[in-house]
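[1] Here is the input, now give the coordinates:
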Amino acid sequence: MGDLAGAENHPLAQQYPCRLPVWWGRHGEVEKDPMKSGVSGRLVVLRIPKQFRRFEGVLARLLKAPKEIRRPLDRMNSMLWELCDGSRTFVEICSVLDEVFKEEIAPVLHRTTAAIHLLQQNNLLLMLEEPLNNRWLVGPGITPGHQTLDNLPEGLEIDTRSLENECP
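    Coordinates of the predicted model:
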């Protein structure tokens, strides 16, 4: 991996981006494979239960509205999601993204920072001062204890198997 100009002075340089407990899975074919542990190169989809107020819940039942949001990520954000398992620093993640996507993601520090901030704003990711070390589960297909999700609909092909050496 090449050196990233200014990376050592970046405010997030030594922090560990880590996804929060949320149900997620992989789908589709391998887009770009960085040959890193716990990273498939496939697209990621997140499942987030909707939070209805009392009246909204009644309307949702009457209208048979979906009870969850399925948020598919593009290929760059999918790889970022997989890399943010709490075991890699921001700079390590930027180096992998730069190596895989080259000029598509330039300037990598700026674009990765923006993507991380967006995930933070949506309460999907946080920054740690030290590695996660299995303090909570960040693997695919796990419904967090504070959420309720129905089973996946028939025909929806989302892979929830963990990869070899992937954080649980």
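[2] surely residue 131 meets residue 17?
    No: here residue 131 lies out of contact with residue 17, judged by Cβ atoms under 8 Å, at a distance of 11.0 Å. In this view, the C-beta of every residue, glycine as well, is placed from N, C-alpha and C.
[3] More neighbours: these two, which one.
    Neighbours were counted for residue 131 and for residue 17 using other Cβ atoms under 10 Å; residue 17 has more, 26 against 15.
[4] re the thing from before, can you work out which residues contact both of residue 131 and residue 17?
    By Cβ atoms under 8 Å, 6 or more residues apart in numbering, residue 131 and residue 17 have these common neighbours: residue 86.
[5] right, and the helix or strand after the lowest-mean-pLDDT helix or strand in the chain?
    For the chain, using mean pLDDT, DSSP states H and E, the weakest element among its helices and strands is helix 54-63, scoring a mean of 68. As assigned by DSSP states H and E, the chain's next helix or strand after helix 54-63 is strand 68-72.
[6] partners of that following strand in the sheet?
    Using DSSP bridges, strand 68-72 pairs in its sheet with strand 43-49 (antiparallel).
[7] How far off centre is the strand it pairs with?
    Offset of strand 43-49 from its chain centre (Cα atoms, centre = their mean, to the nearest Å): 9 Å.
[8] what sits up against that strand?
    Here strand 43-49 makes contact (Cβ under 8 Å, 6+ apart) with 22-28, 31, 67-75, 77-78, 81-82, 124, 147-149, 158.
[9] residue ranges of the helices in the protein, please?
    Using DSSP state H, the helices found in the chain span residues 54-63, 75-83, 90-101, 108-121.
[10] Please spell out which residues along stretch 97-107 are buried.
    Neighbour counts over stretch 97-107 (16 or more other Cβ atoms under 10 Å) mark 97, 98, 100, 101, 105 as buried.
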